[in-house]
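Engineer: Please find the sequence and the predicted model below.
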There are 2 protein chains.
Amino acid sequence: MTTTIPPVPSGETSDGADLAANSAGPIAADHVNASPAESHLHVDDIHHIDVPGLTQILDGRWAHMRAWGREISADPAFARPIDMPREEHRELTLARLKELAKRNWSAQMLPGSLGGMNDPGGNLAAFEELVASDPSLQIKAGVQFGLFASAILHLGTEEHHSRWLAKTMSLEIPGIYAMTEIGHGSDVSAVGTTAVYDEEAEEFVITTPFRAATKEYLGNAALHGHAAVVFAQLITRGVNHGVHCFFVPIREDGKVLPGITIEDDGEKGGLNGIDNGRIAFDHVRVPRTNLLNRYGDVAADGTYSSPIPSPGRRFFTMLTTLVQGRVSLSGAAISAAELALGIAITYGSQRRQFADFTGVNEVVLLDYQLHQHRLFPLLARTYAAAFAQEDLLHAYHEVFSGEGDTDENREDLETMAAALKPNSTWLALETIQTAREACGGAGYMAENRLVGLHDDLDVYATFEGDNHVLLQLVGKRLLGEYAKSLKGMDAGDVTKFIASRAEAFSTRHTPWRRLLQSAADLGSVRRTAASLRDPELQLELLSTRAESMVEELSLNLRQAPNMPKEDAAALVNSHQLELIEAAKAHVDLILLTAFNQGLEKIGDDATKAVLVRLRDLFALTTIEENLSWYVINGHLSLGRARTLRDYINRLLTKIRPHALDLVAAFGYTQEHWRAPISSGLEAERQAQAAEYYRRHRASNEAPIDEKILYKRDLAEKAASRAD
Amino acid sequence: MTTTIPPVPSGETSDGADLAANSAGPIAADHVNASPAESHLHVDDIHHIDVPGLTQILDGRWAHMRAWGREISADPAFARPIDMPREEHRELTLARLKELAKRNWSAQMLPGSLGGMNDPGGNLAAFEELVASDPSLQIKAGVQFGLFASAILHLGTEEHHSRWLAKTMSLEIPGIYAMTEIGHGSDVSAVGTTAVYDEEAEEFVITTPFRAATKEYLGNAALHGHAAVVFAQLITRGVNHGVHCFFVPIREDGKVLPGITIEDDGEKGGLNGIDNGRIAFDHVRVPRTNLLNRYGDVAADGTYSSPIPSPGRRFFTMLTTLVQGRVSLSGAAISAAELALGIAITYGSQRRQFADFTGVNEVVLLDYQLHQHRLFPLLARTYAAAFAQEDLLHAYHEVFSGEGDTDENREDLETMAAALKPNSTWLALETIQTAREACGGAGYMAENRLVGLHDDLDVYATFEGDNHVLLQLVGKRLLGEYAKSLKGMDAGDVTKFIASRAEAFSTRHTPWRRLLQSAADLGSVRRTAASLRDPELQLELLSTRAESMVEELSLNLRQAPNMPKEDAAALVNSHQLELIEAAKAHVDLILLTAFNQGLEKIGDDATKAVLVRLRDLFALTTIEENLSWYVINGHLSLGRARTLRDYINRLLTKIRPHALDLVAAFGYTQEHWRAPISSGLEAERQAQAAEYYRRHRASNEAPIDEKILYKRDLAEKAASRAD
């Protein structure tokens, strides 16, 4: 099938530098309104930004681990196959994972006492980079180390560690993480699988009581898993103690054990190097000591005990181990967006289409305003997300290394991961799809990577916490402090509460709270004369929106606690969309804050000047997306709102000359992109064609264009009529 | 990999009917502001809409052809394979296409003189439905009949018809449409392939002069094509007469002919049942009479002649044959969106997650406001697109059946197709992706269809006219009438011109023009008191935006004709985004107008009442998307803008009870969806689980929940402390 279309009459420009000079007015004027800290910076289209320096800043604390991950991802031995049959791809992925295990992959996650390096942050940094090899390999590694081994590590105790951890890390025991069921994905507390304690035999009996309780979508289930960590309702002495985790052998000598039924999930939208499948249990017995008993244990006589008395809090504590999946998928998704931008922006800087004003040369795609507008705002948001991801990784490391493992930090980490994972994964999907379309038919060829990235990353939006469910958690966290206090308050109390809350936030320390603090601090800033390029005004606009939305929502819901349950449920449901939007507004604020903090790390002036433009583009396009809210709620005047688009358009032309550097700074090379369209092949072909036409024109053999004869003819006829 | 997440505290509602009664206020009040024609209609949640009647209206003039297409699509013999190896899929698709040919597929497109039925509209209606079988089959049929055979039919003359058409229709000659080149997709006039006439031999010599001129992405090229229609620069007697089309044999007895080099495109993002490939020509000779010579011929002595003297107009006339691809892909994309909505809305009405306010039952996904908001606006837009598609098909039929083949109608058809194809194909991609995510992990399983639909439909956005390039054509058409007249005008003249233009449009007849007329007619309507539910106000808002954007743009560009070429090009480029947005605003207006006209065809009151709500949802969500524009430009007051979201939320709850009927009316059944998740399996599993818990609770063996004991314990301790 062909891509065919009549040509658009020419009338586009040819050159980014010209554009910048042309449409934006004197560059100096552009700095008049910038903040004092940024006002000495000049965007210089001739001097390039410091790419290695910027890469170092983006790579952050665990640059060495990212470098290791990128080294592996660049190795063709780990590259995603383009069209390998599924069975073959599955075996290849297992073999590759074993090779990674030989190189001590993920050993960083273990504490020193278990032979590890107690560097959970570094472990995830390397993991995030693995997406550039083959996402199937990444996720299979995630199942083995991030889920299966982590459950043994975090939910089990010493005996479990010594029995299974080393074999798990070496892949002697490929494992399955059996939590999700057909009937319950997002609502884990409602899983149907039961583990009933049999005092006589001192065993748990694991059972799938109905079809919907079948464990589902489990990596390693269809073929490779030797054992599973199974989440089931623990029942002993007539009491259901809620969901606990059990180590259950699944296969021995390649054969599925009795009582266990396996089904293969078959073909998926992507990640087909992983053997996902379903598992059902028919009274499968495991020894009492196979209960991973850190947070809940059963004595030989069936007595239940737990260090956490509240069953609700116990459940959430066990689930906290899941946060690492969200943190690392968020980072992986950002890497995928960076790859897609690298491919599309490189191709866009070489590909030409439609003649320019000279009629001889063709215009480079990336010089079209539209092409810039499709790709640059996503580039800006990807930078913002990358800076925020580094903060998230620090928060994760603090808790899981034990450096700062407090309840408060855990809660903040949970919320921040729930906020950023949806943003990163949706950003990746949007960026990959935009990049694919921006590369036209070439983008649809599997060899150019983009369609494969979309296929594989698609599920990142719904697994390890469905994005919409996660955003609801964020929204509810934001509402939480209100909701508890609002009960029985009148309007005056609410106002006082809001004021006190701002103060309370200012004493806290984690990134999540620092953020709210900075928002609160800015509450009084109202400089109507400030430029939209003023970073404080940008921050004020985003924080005002984030705060107002929560406040408005909490006011709308404040009658709920006093209402009959059914009415309260209806009221909450009728504001569900606002809850999601409030959460998204907070995500935008997190990103802008992180971008601003990232800017402070940049020493090189030329680099900083370009990144300030990129930050402006992120802030202003985010404001533009919600422009009606700002205008309706009186935070932006109509006059200022009208100027927004011009600001944005000028930023596009200023960023254009640096676009290639900005994607190079992500640290990926041709070896990671592996896309023929961005390899320079396109530029070579263009040069060859241009050379052909040049020689042709220079020769005497070139045919004359009928159009020229026709015009000449028309002109002659007109002249003879005029005579 | 698993989808896991802590449960969200309950507090959602359980039942669509309750919601409707609850959040929207008295239903009667809702009609106070409706237009007179709609004011007698009542949404009755108990009485169902007339599904077969609505299907009939949606199916329109060619209902019989759609029925035939749907009958074939429902046949498992034509179903898209889930994970077939590419080579096998390619052979299967060829075999299926031959089977279709046996059933006289596409015979409707031929005129009576060639044994056809002269029913081009009916032909495309059936073609659109074929997407539900396997998009690879659809597109392979499109290459054979819509491109290859159509080129012979429309660009060739009688001798060509008699030599090749019958063999093409029977698939004796599988054909290739060789237009796009590696270097030129969208800009067809710039293709590099040459066809130089050799007077001595009375032959054309076809050559690929450089790598970028290689023909690319050609269906049937890699394996199956026996011949190609090749677009090349026709050069005779030292003059290049521009792009013409040549019939060129490619394979004989399965062997590629001398001078021809074929490469296989290999794996693509989807449509892997088609053998796309590249073709290069090295001085390949074809007889003079292989030039498809309807619009340009070369005599034996090399003399060129054409019925169309202007080379530019001749080129565009030849390309008009391409419009059928755009018309039919637009319709196919809408069908794909309908399939995705059918699957996701059916599953959403059965799938339950998280306990409701009773704590016993779980909430059906489709009762969550968020789930409704994700799916229903897309449902509304799909209805709008389906109504507009019927108009487009009529316009296409009028031109290609000869009933109204005027230059004016051709131009209108081109523009309307260029406007609707981007809308339909992007709508399909967004809808399929939203549906996939709304079905969670199940949506990612290939057996549930959604990921395959995305893979296959992805390229619809960039082939047969890249969506952004098409929208520029629309924008330029809208500007065209201004641009011609603006040269030399002063501001007063411009105002007069705008007024005269409105009058000029009112005398025209095709849908494209009727639309502009209705917009102009409404220019004077300004009823500030009218409700946002008032269809005239909705229409006024959409038409005002569409008109204003073109007017503003034309004023911004009016100096361009007087500027140096380079400056003019820069000016136009700096407004490229506005051009696209102006075109999109017109598309929205086309859709709303078509939806309103569609409503007039509905006789059944209950059906009409629901469809009015759906139209309102389409109009209001479209207005909401551009709300900042309306507010900034003074077309909506701040007060009214604030009420918009409430209106929309109320509409969601009103549409909820009819959602299943609305997707059923698309005419697709389980046989078309072929998705286990929407087959009723999910409801069965839910019932089985509920029955298990019911029996369990009724028995004496059910374990007691530790949470209950814990709460009781806390209460007892509190009581003893109080003593």
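Structural biologist: That came through, no problem. Since the structure is predicted, the reported quantities are computational estimates derived from the model, not experimental observations. Numbering: from 1, shown residues only, chains lettered A, B, ... in the order given.
Engineer: what helix or strand does residue A:225 sit in?
Structural biologist: Here residue A:225 sits in a region with no helix or strand, counting by DSSP states H and E.
Engineer: cool, and the one 3 residues further on?
Structural biologist: Assigned by DSSP H and E, residue A:228 belongs to strand A:227-236.
Engineer: name the helices or strands packed onto that strand?
Structural biologist: Contacts defined by 3 or more Cβ pairs under 8 Å, 6 or more residues apart in numbering or on different chains; DSSP states H and E place strand A:227-236 against helix A:150-155, strand A:175-178, strand A:194-198, strand A:203-207, strand A:215-218, strand A:239-249. All C-beta spots, glycine's among them, are computed from the backbone N, C-alpha and C.
Engineer: Please look at residue A:226 and residue A:247 and confirm they touch.
Structural biologist: No. Assessed by Cβ atoms under 8 Å, residue A:226 is found out of contact with residue A:247, at 11.0 Å.
Engineer: So these two - more neighbours on which side?
Structural biologist: Between residue A:226 and residue A:247, residue A:247 has the larger neighbour count (other Cβ atoms under 10 Å in any protein chain shown), namely 24 against 20.
Engineer: Give the closest residue to the more buried one in space, chain neighbours not counted.
Structural biologist: Leaving aside its chain neighbours, residue A:247 sits nearest to residue A:290 (4.5 Å; criterion: Cβ to Cβ, 6 or more residues apart in numbering or on different chains).
Engineer: Show the pLDDT at that neighbour.
Structural biologist: The confidence metric pLDDT takes the value 98 at residue A:290.
Engineer: what's the distance between it and chain B?
Structural biologist: Plainly put, residue A:290 is 20 Å away from chain B if you go by Cβ to the nearest Cβ, to the nearest Å.
Engineer: Identify the residues contacting that residue.
Structural biologist: Listed by Cβ atoms under 8 Å, 6 or more residues apart in numbering or on different chains, the contact partners of residue A:290 are A:204, A:246, A:247, A:248.
Engineer: Relative to residue A:160, how far out is the closest residue to the second one other than its chain neighbours?
Structural biologist: Translated: residue A:246. Using Cβ to Cβ, 6+ apart and skipping residues adjacent in sequence, the residue nearest residue A:246 is residue A:230, 4.9 Å away. Remark: distance between residue A:230 and residue A:160 (Cβ to Cβ, to the nearest Å) = 14 Å.
Engineer: host element of residue A:80?
Structural biologist: Assigned by DSSP H and E, residue A:80 belongs to no helix or strand.
Engineer: picking that back up, anything in contact with each of residue A:230 and residue A:160?
Structural biologist: When contacts are counted by Cβ under 8 Å, 6+ apart, residue A:230 and residue A:160 are jointly contacted by residue A:247.
Engineer: what sits against the residue of the stretch 251-400 of chain A found nearest chain B?
Structural biologist: In the stretch 251-400 of chain A, the residue that lies nearest chain B is residue A:269 (3.1 Å; Cβ to the nearest Cβ). Residues in contact with residue A:269, defined by Cβ under 8 Å, 6+ apart, are A:455, A:458, A:459, B:436, B:444, B:445, B:446, B:450, B:451, B:454, B:455.
Engineer: ok so, going back, and residue A:230 and residue A:160? which has more neighbours close in?
Structural biologist: With neighbours defined as other Cβ under 10 Å, residue A:230 and residue A:160 compare such that residue A:230 has more, 29 against 21.
Engineer: surely that one meets residue A:178?
Structural biologist: Yes. With contacts defined as Cβ under 8 Å, residue A:230 counts as touching residue A:178 at a distance of 4.4 Å.
Engineer: Now the common contact residues for those two.
Structural biologist: A:215, A:248.
Engineer: Kindly provide the distance from the most centrally placed residue in chain A to chain B.
Structural biologist: Computing the C-alpha centroid of chain A and ranking residues by Cα atoms, centre = their mean puts residue A:424 first, at 2.1 Å. Residue A:424 sits at a distance of 15 Å from chain B (criterion: Cβ to the nearest Cβ).
Engineer: Check residue A:630 too.
Structural biologist: Spatial separation of residue A:630 from chain B under the definition Cβ to the nearest Cβ is 8 Å.
Engineer: I'd assumed that residue was in a helix, is it?
Structural biologist: Yes. Using DSSP: H, G, I helix; E, B strand; the rest coil, the assignment for residue A:630 is a helix.
Engineer: where's the closest residue to it other than its chain neighbours, which helix or strand?
Structural biologist: On the basis of Cβ to Cβ, 6+ apart, the spatially nearest residue to residue A:630 that is not a chain neighbour turns out to be residue A:636, at 4.1 Å. When elements are assigned from DSSP H and E, residue A:636 belongs to no helix and no strand.
Engineer: Would you agree residue A:636 is in contact with residue A:626?
Structural biologist: No. Checked against Cβ under 8 Å, the pair residue A:636 and residue A:626 is beyond contact range at 10.0 Å.
Engineer: Please identify which of the two sits among more neighbours.
Structural biologist: Using other Cβ under 10 Å, the more surrounded residue of residue A:636 and residue A:626 is residue A:636, with 25 against 21.
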